[in-house]
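1. Sequence plus predicted model, see below.
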Amino acid sequence: MQLVVLTPEKEVYKGEATLVHLQGVDGQFQIMDKHAPLIAALSDGLLKITNNKEKLSFFIKGGIVEVLNNKVSVLTEGIEE
């Protein structure tokens, strides 16, 4: 699936992902390939990205996630690598 992670200042990540792990306001959840459409609010916490080459982690400061047509968009207020 395609993943893009954006802050108001920059594009943090854009590329393929096999698994995205997020901290929602009601708890942690994961998004996998061909996930059903979803919009969810995010709280401060770890964003973990797994693709075929590597595993990445970022600390995000809230935001939202949208999943549609096998594309995941994470919009966050801020990020720490």
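-> Thanks, I have it.
2. Now residue 80. Nearest residue, chain neighbours left out?
-> In this structure, residue 80 finds its nearest non-sequential neighbour in residue 59, 4.4 Å apart by CB to CB, 6 or more residues apart in numbering. (Each C-beta comes from the backbone N, C-alpha and C, glycine too.)
3. burial count for the one you found?
-> 14 (other CB atoms under 10 Å).
4. That one: which element?
-> strand 55-60 (DSSP states H and E).
5. In contact with residue 53, which residues?
-> Shown in contact with residue 53 (CB atoms under 8 Å, 6 or more residues apart in numbering): no residues.
6. can you start the count at 7 instead of 1 from here on
-> That works, and once the first residue is 7, the last one we named lands at residue 59.
7. Show me what the lowest-mean-pLDDT helix or strand in the chain pairs with in its sheet, parallel or antiparallel.
-> Using mean pLDDT, DSSP states H and E, the weakest-scoring helix or strand in the chain turns out to be strand 85-86, at a mean of 90. Its sheet considered, strand 85-86 pairs with strand 61-66 (antiparallel) by DSSP bridges.
8. and the following helix or strand past the strand it pairs with, which strands flank it?
-> As assigned by DSSP H and E, the chain's next helix or strand after strand 61-66 is strand 69-74. According to DSSP bridges, strand 69-74 forms sheet pairs with strand 44-48 (antiparallel), strand 77-82 (antiparallel).
9. okay, these in CSV with mean pLDDT next?
-> Rendered in CSV, the data for the strands paired with strand 69-74 read as follows (pLDDT from 0 to 100):
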stretch, mean pLDDT
strand 44-48, 97
strand 77-82, 98
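10. which of those is buried the deepest?
-> Highest mean neighbour count of those: strand 77-82, a mean of 18 (counted as mean count of other CB atoms under 10 Å).
11. send the alpha carbons of that one over as PDB?
-> The C-alpha trace of strand 77-82 is given here as PDB (Å, rounded to 0.1, in the frame of the first residue of the first chain):
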ATOM      1  CA  LYS A  77      -3.500   4.600   0.200                       C
ATOM      2  CA  VAL A  78      -2.800   5.700   3.800                       C
ATOM      3  CA  SER A  79      -2.400   9.400   4.600                       C
ATOM      4  CA  VAL A  80      -1.200  10.400   8.000                       C
ATOM      5  CA  LEU A  81      -1.600  14.200   8.800                       C
ATOM      6  CA  THR A  82       0.100  15.100  12.100                       C
END
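12. Perfect, I'm done here.
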